[in-house]
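Colleague: how does the following fold in three dimensions:
(one chain, ligands or ions: 1)
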Amino acid sequence: MSQFLQQRKLTIILCLLLVCSFLAVSLVSYFSSKKTIHLALIEKELPLTSNAIYAELQKDLVRPFFISSMMSTNTFLQDWVSAGEKNPQVIARYLQETKASYQVFTSFFVSEQSQHYYYPNGILKTVSATDPADKWYFRARQLNEPYEINIDYDQANANSLAIFMNFRVFNQAQKFLGVTGVGVSMDRLFKLLCQYEQQYQKNIYLVDATGRVRLTGNNRLLDPKSIHDIAGLKDIAHQALARKDAVFQYVLDGHNYLLHVRYMPEVRLFLFVESQEDLAIIKVKHALYFNIGLCTVIILLTIFLTNMTVRKYQRKLEVMATIDHLTQLINRQTFEALSQNILADSRRHNHPLSVIMADIDLFKDINDTYGHPAGDQVLKEVAHMLKASVREADVVCRWGGEEFAIFLHKCSLEDANRIAEQIRQRIANHLVQYDMYSLKMTMSFGVTNYRYDDTMKELLQRVDSALYKAKFIGRNQVVSG
Ligand SMILES: Nc1nc2c(ncn2[C@@H]2O[C@H](COP(=O)(O)OP(=O)(O)OP(=O)(O)O)[C@@H](O)[C@H]2O)c(=O)[nH]1
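Modeller: Numbers count the residues shown, from 1 in each chain. So this is what the prediction gives:
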């Protein structure tokens, strides 16, 4: 496999490993945070918020409920009715006092005997069974229960919407005397719910036992109706109204809602506190997106740096594999890879090509006399001199040990002999400075040229025997073969 493919394979594996591990870590932390938030909402936040709102609502709903209950058992009221409802100012003052001292929206008494509707300013009207606005009274007087809670228009206050606590009044002899109670302004309760919604970031609504939404803030249910008709909620409506204190889940428009339902027995209403789960986990989602973005940058950076480092080391390895470390000349393996091209080039263009094979004479003696480092120094200087004696395009190679090969492009045998002779003389006249020694050395040269249809092997054999001959006839010479 080529280096490029190997590098690509490494990049892909690294990329996959990083992506998988980063994704695994990010997703595991995302889902575990999501689960923690989900559990915290179900087990803590929703019940606690519901409790807090319930306690607040109690003040606004339960207190009027008990005031109404006390009014229905007030002996003063019973005595006044039994005495013939004389002087309506008396009961008006009583209703006024009740309204002022308990700070309720309105207070009332409707007498069964006179059918008068008393309110803090006196007699408001005489109720009539045929008037739709008075239906509530004729319903309340038939009740089996001692009271009812009714959301209705307050005729005594410009027909504004109010929650009435209607309590039936009986005297000692259990004779039905009428209906009394107080009304709480819906407007005030509405504002209260809006405030809680804002404060707790939840949807809050009050639902009666039939499922009708009686009061809501303005977060979601702008048009209060029955929960049996509201998308999403209708799926759990029956279960929600059957439980006194429970948490439910439903999905609407792809959003998951968590709902805490709590029954308020005093006012017979269900308190619904609802949270959109997506809103609660939005921060975790943002953290996940941020993590993925950061991971992408880190992965890209890692891959870029890895590629750069691998390429750098690859280049180093390539150089190490092709260049002789000591002399900085190309080595024999590289030369063999190049040789076919050199020969083909020469054949194609019909250019003369010559080869010089050079060997340091009695190099072993230098090593043995002055040590190996001295020999190395000699090799380095010889290599440098050989390289400096030929053209840039010529190939100088460390053939092995103390032997060098030089390929001379566009160079005749005659010229090659001349060059070899020049080199021989230069080397023979050169002194290598090592430590405190000045080392002298000579070199033997074999020279040949490329002849028609030569193979590389034949060419090298010829130059090798020329060198052998030079050595044999006394060293420090150039022999042409
Ligand atoms: N210092 C050094 N010595 C080397 C290196 N490579 C080979 N040699 C030594 O070169 C010497 C070559 O010795 P021989 O092959 O006997 O040849 P020579 O002594 O030059 O004798 P002739 O070639 O017959 O003139 C050996 O002692 C090798 O150990 C090297 O990289 N550094």
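
Colleague: in the stretch 301-450 of the chain, what residue is nearest the ligand?
Modeller: residue 375 (2.5 Å; Cβ to the nearest ligand atom). Just so you know, the C-beta spots here come from the backbone N, C-alpha and C atoms, and that holds for glycine as well.

Colleague: so who does that residue touch?
Modeller: For residue 375, the contact set (Cβ atoms under 8 Å, 6 or more residues apart in numbering) comprises 363, 366-367, 402.

Colleague: out of these, who's nearest residue 429?
Modeller: Distance to residue 429, by Cβ to Cβ, is smallest for residue 366 among the contacts of residue 375, at 16.8 Å.

Colleague: name the element residue 398 belongs to?
Modeller: In this structure, residue 398 sits in strand 395-400 according to DSSP states H and E.

Colleague: which SSE is the residue of the stretch 301-450 of the chain closest to the ligand in?
Modeller: helix 372-389.

Colleague: also residue 309?
Modeller: Using DSSP H and E, residue 309 falls within helix 282-322.

Colleague: what does this protein have sitting close to the ligand?
Modeller: For the chain, the residues in contact with the ligand (Cβ under 6 Å from any ligand atom) are 326, 359-364, 367, 372, 375-376, 379, 401-402, 471, 475.

Colleague: out of the residues you listed, give me the one that has the most neighbours.
Modeller: Counting neighbours by other Cβ atoms under 10 Å, residue 375 leads the residues of the chain next to the ligand with 24 neighbours.

Colleague: which pLDDT value goes with it?
Modeller: pLDDT recorded at residue 375 is 95.

Colleague: please, which helix or strand holds residue 257?
Modeller: Assigned by DSSP H and E, residue 257 falls within strand 255-264.

Colleague: okay, residue 219: pLDDT?
Modeller: pLDDT at residue 219 comes out at 54.

Colleague: return the helix holding residue 375 as CSV; C-alpha atoms alone will do.
Modeller: Output in CSV follows, covering the C-alpha atoms of helix 372-389 (Å, rounded to 0.1, in the frame of the first residue of the first chain):
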residue,chain,number,x,y,z
HIS,A,372,37.8,4.7,13.1
PRO,A,373,36.8,8.4,13.7
ALA,A,374,39.8,9.4,11.7
GLY,A,375,38.7,7.0,8.9
ASP,A,376,35.2,8.7,9.0
GLN,A,377,36.8,12.1,8.7
VAL,A,378,38.7,10.9,5.6
LEU,A,379,35.5,9.4,4.1
LYS,A,380,33.6,12.7,4.6
GLU,A,381,36.3,14.8,3.0
VAL,A,382,36.7,12.4,0.1
ALA,A,383,33.0,12.5,-0.5
HIS,A,384,33.0,16.3,-0.4
MET,A,385,35.9,16.5,-2.9
LEU,A,386,34.2,14.0,-5.3
LYS,A,387,31.0,15.9,-5.2
ALA,A,388,32.8,19.2,-5.8
SER,A,389,34.7,17.8,-8.8
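
Colleague: now do that helix against strand 395-400, angle only.
Modeller: Calculated by axes from the mean of the first three to the mean of the last three Cα atoms, to 10 degrees, helix 372-389 forms an angle of 160 degrees with strand 395-400.

Colleague: can you list the buried residues in helix 372-389?
Modeller: Buried positions in helix 372-389, judged by neighbour count with 16 or more other Cβ atoms under 10 Å: 374-375, 377-379, 381-383, 386-387, 389.

Colleague: on that earlier part again, residue 440: which of the contacts of residue 375 is nearest?
Modeller: residue 366 (9.4 Å).

Colleague: what about the spatially closest residue to residue 354 that is not a sequence neighbour, which helix or strand?
Modeller: Nearest residue to residue 354, sequence neighbours excluded (Cβ to Cβ, 6 or more residues apart in numbering): residue 416, at 3.4 Å. Here residue 416, judged by DSSP H and E, is contained in helix 413-428.

Colleague: and that helix, what other elements does it pack with?
Modeller: strand 353-360, helix 372-389, strand 403-409, strand 443-449, strand 478-480 (3 or more Cβ pairs under 8 Å, 6 or more residues apart in numbering; DSSP states H and E).

Colleague: returning to what we had before: partners of the strand holding residue 398, with directions?
Modeller: strand 330-331 (parallel), strand 403-409 (antiparallel) (DSSP bridges).

Colleague: run a quick neighbour tally on the closest residue to the ligand within the stretch 51-200 of the chain.
Modeller: Evaluated by Cβ to the nearest ligand atom, the stretch 51-200 of the chain has residue 200 as its residue closest to the ligand, separated by 85.2 Å. As a burial measure, residue 200 scores 18 neighbours (other Cβ under 10 Å).

Colleague: could you verify my assumption that it touches residue 56?
Modeller: No - Residue 200 is beyond contact range of residue 56, at 10.7 Å (criterion: Cβ atoms under 8 Å).

Colleague: gap between stretch 318-325 and the chain center?
Modeller: 47 Å (Cα atoms, centre = their mean, to the nearest Å).

Colleague: got the contact list for it?
Modeller: So stretch 318-325 is in contact with 329-331, 333-334, 398, going by Cβ under 8 Å, 6+ apart.

Colleague: swap in 7 Å and give it another go.
Modeller: 330-331, 334, 398 (Cβ atoms under 7 Å, 6 or more residues apart in numbering).

Colleague: output those residues as TSV; include the columns pLDDT and neighbour count.
Modeller: Converted to TSV, the contacts of stretch 318-325 look like this (pLDDT from 0 to 100; neighbours: other Cβ atoms under 10 Å):
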residue	pLDDT	neighbour count
330	93	18
331	93	18
334	89	16
398	96	24
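
Colleague: against residue 206, how distant is the residue of the stretch 51-200 of the chain closest to the ligand?
Modeller: 15 Å (Cβ to Cβ, to the nearest Å).

Colleague: next one: residue 212
Modeller: For residue 212, the distance to residue 206 - Cβ to Cβ - is 10 Å.

Colleague: show me which of the two is the more surrounded one.
Modeller: A direct count of neighbours by other Cβ under 10 Å for residue 212 and residue 206 places residue 206 higher, at 22 against 15.

Colleague: what helix or strand does the more buried one sit in?
Modeller: Counting by DSSP H and E, residue 206 is found in strand 203-208.

Colleague: circling back to that earlier point, so who does the residue of the stretch 51-200 of the chain closest to the ligand touch?
Modeller: Going by Cβ under 7 Å, 6+ apart, residue 200 touches residue 49.

Colleague: what distance do you get for it to residue 279?
Modeller: Distance of residue 200 to residue 279, given as Cβ to Cβ: 12 Å.

Colleague: do residue 392 as well
Modeller: Using Cβ to Cβ, residue 392 is found at 74 Å from residue 279.

Colleague: give me the more crowded residue out of these two.
Modeller: residue 279 (11 against 6).
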